[in-house]
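Visitor: Provide a 3D model corresponding to the input given below.
(2 chains)
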Amino acid sequence: MEGPGVIDKFRADVLSVLAAVPSGASVAVGGFGSSGRPDTLLDALCDLDRRDLHLIVNNVGSDFTGVGRLLAEGRIRRLTASFPVLPEFYDEYFAGRVEFELVPQGTLAERLRAGGAGIAAFFTPSGAGTMLADGSFPLRYAADGTPAGYLPPREVRDFGGREHVLEYGIVADFGLVKAHQGDRKGNLRFRLSARNFNPLAGMAGRRTFAEVQQLVDTGELGPDDIHLPGVFVDDVLLAPAGPPTPDPP
Amino acid sequence: MTQDTAPAVRGLSRERIAERLARDLRDGYVVNLGVGIPLLVPRYIPPDTEVILHAENGVLGLGPRPAPQHEDPDLTDAGKQPVTLINGAAIVDSAMSFAIVRGGHLDVTVLGALQVSADGDLANWYVPGRSPAVGGAMDLVAGAREVWVVMEHVDRAGRPKLVERCTFPLTGRGVVTRVYTDLAVFHVTGGRLRLTECAPGIRPGAVRQRTAARYVEDL
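Guide: So this is what the prediction gives:
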């Protein structure tokens, strides 16, 4: 392997790197269910005993691994997601222990992309005329099970005779992503549908950590084959693929 | 209008509804399929019709389920189940996937429904009191050129699912363009529901008895 060069984003120790994430941080996380989800990085947040986190992630998942472990250990203050899945998440939400910002999946993806691209907000037809846009969806419940706060009503504007709603870009304190291959410059390449939200969570993080299944020599990923360039990635950690954990039907 | 007042009729099975819908897919269509009856559609697409199946998690060109032991954990569909790819398939990230959806590049999205209203409103994401989750449904109905609903004509209690106004929270307003049920096919044009076809052996009166939305017969 060639020498590290001036820019070398590879770090050997996950815990010492993730120690930069304080309790209370907002964290954008890649993955769709368990596919492409950076479990090594999420486990590190648990092992470091981080709490009161605002997670921006499409799903909690179907078990107590990954985001589900953070939930089970009571580390999530707010979840921004389109499809949580895990029943225990809803127990926490209805009991008033976790806030839930429910967002259409395409809006979630675009909000992350926009945040990472310097776009403050955008208008989309998705969700127009629904309770996700009219201020009637409960963001949080009180301990007695009554709504104690709602998602704010969206600003509405007509474009070409169709109602659109204003959605804000998301810039998170940190981005957590998983890639198939990465190099020491932080360039990432994903594999098949494990790509999903990863490039977007990586863009949206002010500081982004990438766990890669394979660390490759700089130059091995050709310039046309890089899905997320290293400019969006601050730290590269090696997390070889373990046995797959498929989602249940 | 419940099963108590409407005599029992035998409509199409879920498989036959899917088969009926598949007959209307055209060569070259790009189609997104929701969960439930929509997932039965691919097996009935005529072999001489090429349809590109899209999944929200970034797959264009879904193939059939893999054989056991041939699953790839990095290749799943929007239901998080293992899939294969057809020749010519493409993988994109979630933002690009929904650019395809919202940008009008999907010909049809096929979705299940709790209720469809007389003017094409759709409710299919949330039963109040249960666990709210929306996934890509609101983006799909906002962006696809056509929204085809496939569902049982009445719910398990025998209540019509085609209603004058949706009582469940909306997924989108005025978005549905067709409805395929076990009893009939409806089209929505100009904000009006039209009955265009009854299932074999089903009389228009039997459809009328089980439908709570105003519509015109255009058989």
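Visitor: count the neighbours of residue 199 for me.
Guide: All of this is about chain A. 28 (other Cβ atoms under 10 Å in any protein chain shown). Just so you know, the C-beta spots here come from the backbone N, C-alpha and C atoms, and that holds for glycine as well.
Visitor: I was thinking of chain B, sorry if that wasn't clear
Guide: 21.
Visitor: same thing with B:Gly61?
Guide: Number of residues near B:Gly61 (other Cβ under 10 Å) recorded here: 18.
Visitor: name all residues that make contact with A:Glu155.
Guide: Applying Cβ atoms under 8 Å, 6 or more residues apart in numbering or on different chains, we find A:Glu155 in contact with A:165-166.
Visitor: can you give me the helices in chain B?
Guide: Under the criterion DSSP state H, helices of chain B are mapped to B:14-22, B:94-102, B:137-143, B:204-209.
Visitor: quick check: buried residues in the last one?
Guide: Spelled out, it's helix B:204-209. Neighbour-count burial for helix B:204-209 flags B:206-207, B:209 (criterion: 16 or more other Cβ atoms under 10 Å in any protein chain shown).
Visitor: need the residues you listed in a markdown table (columns: distance to chain A and pLDDT).
Guide: Formatted as a markdown table, the buried residues of helix B:204-209 follow (distance: Cβ to the nearest Cβ, whole Å; pLDDT from 0 to 100):
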| residue | distance to chain A | pLDDT |
| --- | --- | --- |
| B:Ala206 | 33 | 97 |
| B:Val207 | 28 | 98 |
| B:Gln209 | 31 | 97 |
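Visitor: before we move on, back to that, just the helices of chain B: most buried one?
Guide: Among the helices of chain B, the stretch with the highest mean neighbour count (mean count of other Cβ atoms under 10 Å in any protein chain shown) is helix B:137-143, at a mean of 29.
Visitor: just checking, what packs against that helix?
Guide: If you count contacts as 3 or more Cβ pairs under 8 Å, 6 or more residues apart in numbering or on different chains; DSSP states H and E, helix B:137-143 packs onto helix A:105-117, helix B:94-102, strand B:108-111.
Visitor: how about it as CSV, C-alpha atoms only?
Guide: C-alpha atoms of helix B:137-143 as CSV (Å, rounded to 0.1, in the frame of the first residue of the first chain):
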residue,chain,number,x,y,z
ALA,B,137,-46.6,7.0,-0.7
MET,B,138,-47.1,10.8,-0.7
ASP,B,139,-44.3,11.3,-3.2
LEU,B,140,-45.6,8.5,-5.5
VAL,B,141,-49.1,9.9,-5.7
ALA,B,142,-47.8,13.5,-6.2
GLY,B,143,-45.4,12.5,-9.0
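Visitor: tally of neighbours for the residue of chain A found nearest chain B?
Guide: Relative to chain B, the nearest point of chain A is A:Gly106 (3.1 Å; Cβ to the nearest Cβ). Residues near A:Gly106, counting by other Cβ under 10 Å, number 29.
Visitor: centroid-wise, who is the farthest residue in chain B?
Guide: Relative to the centre of chain B, the most outlying C-alpha is that of B:Gln69, 30.7 Å out, by Cα atoms, centre = their mean.
Visitor: okay, that one: pLDDT?
Guide: B:Gln69 carries a pLDDT value of 93.
Visitor: roughly how far apart are it and chain A?
Guide: Separation of B:Gln69 from chain A (Cβ to the nearest Cβ, to the nearest Å): 12 Å.
Visitor: again, but for B:Gly120
Guide: For B:Gly120, the distance to chain A - Cβ to the nearest Cβ - is 12 Å.
Visitor: what does B:Ala8 give?
Guide: Using Cβ to the nearest Cβ, B:Ala8 is found at 32 Å from chain A.
Visitor: and for that residue, the neighbour number?
Guide: Other residues near B:Ala8 come to 7 when the count uses other Cβ under 10 Å.
Visitor: same thing with A:Arg206?
Guide: Neighbour tally, A:Arg206, other Cβ under 10 Å: 15.
Visitor: name the element it belongs to?
Guide: Assigned by DSSP states H and E, A:Arg206 belongs to strand A:205-215.
Visitor: quick one: that strand near chain B?
Guide: No - residues of strand A:205-215 are not located near chain B by Cβ under 8 Å from any Cβ of the partner chain, the shortest gap being 9.6 Å.
Visitor: please work out which residues outside that strand touch it.
Guide: Residues from elsewhere that reach strand A:205-215, judged by Cβ under 8 Å, 6+ apart: A:10, A:14, A:17-18, A:20, A:27-28, A:38, A:40-41, A:116, A:171-184, A:186, A:188, A:201-202, A:232-241.
Visitor: separation between the most centrally placed residue in chain A and A:Met131?
Guide: Nearest to the mean C-alpha position of chain A, counting by Cα atoms, centre = their mean, stands A:Val29 at 2.0 Å. A:Val29 sits 26 Å away from A:Met131, taking Cβ to Cβ, to the nearest Å as the criterion.
Visitor: repeat for B:Pro38
Guide: According to Cβ to Cβ, B:Pro38 and A:Met131 sit 24 Å apart.
Visitor: what does A:Asp235 give?
Guide: For A:Asp235, the distance to A:Met131 - Cβ to Cβ - is 39 Å.
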